[in-house]
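J.: My questions are about this predicted structure, shown below with the sequence.
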Amino acid sequence: MNNQEVDTIIKALANPARRDILSWLKNPEVEFPEQTSSYADGVCVGQIYLRAGLSQSTVSAHLATLQRAGLLTSKRLGQWVYYQRNEAVIDEFTAHIKQAL
């Protein structure tokens, strides 16, 4: 992981709402029990909007930031977009920070 990637992730994690979203997506079955579809593809963006209690545009901006940093992946199924954590990037980032610090 290069320094630019690390800096992008740190900037993405600087916002508490984005940290909350990542935390919620760690255990989607617990955090989004009202989702009726399978969690295999992630959590529906509509469920994230409801949980965050923020405007759709604000949540969309947070999700885009997390995705640009590589912390989330998304998948479009019909008219809905589903998000899930990118565990490989999260693991690489934490290992890098552990080694660097």
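T.: Received it, and whenever you're ready, just let me know what you need.
J.: Helices of the chain, residue ranges please.
T.: Using DSSP state H, the helices of the chain run over 3-13, 16-26, 28-31, 45-52, 56-68, 87-100.
J.: Can you name every helix or strand that the longest one contacts?
T.: Where contact means 3 or more CB pairs under 8 Å, 6 or more residues apart in numbering; DSSP states H and E, helix 87-100 is packed against helix 3-13. Quick note: C-beta positions are derived from backbone N, CA and C, even for glycine.
J.: Repeat that for the fifth one.
T.: Contact partners of helix 56-68 among helices and strands, from 3+ CB pairs under 8 Å, 6+ apart: helix 3-13, helix 16-26, helix 45-52, strand 72-77.
J.: most packed of these?
T.: Mean neighbour count (mean count of other CB atoms under 10 Å) peaks for helix 45-52 among the helices and strands packed on helix 56-68, with a mean of 18.
J.: List the neighbours of that helix that are in contact with it.
T.: For helix 45-52, the surrounding residues in contact (CB atoms under 8 Å, 6 or more residues apart in numbering) are 17, 20-21, 24, 31-32, 34-35, 56, 58-60, 62-63, 80-83.
J.: same thing but at 7 Å, please
T.: Contacts with helix 45-52, where a contact means CB atoms under 7 Å, 6 or more residues apart in numbering, come from 17, 21, 24, 31, 32, 34, 35, 56, 59, 80, 81, 83.
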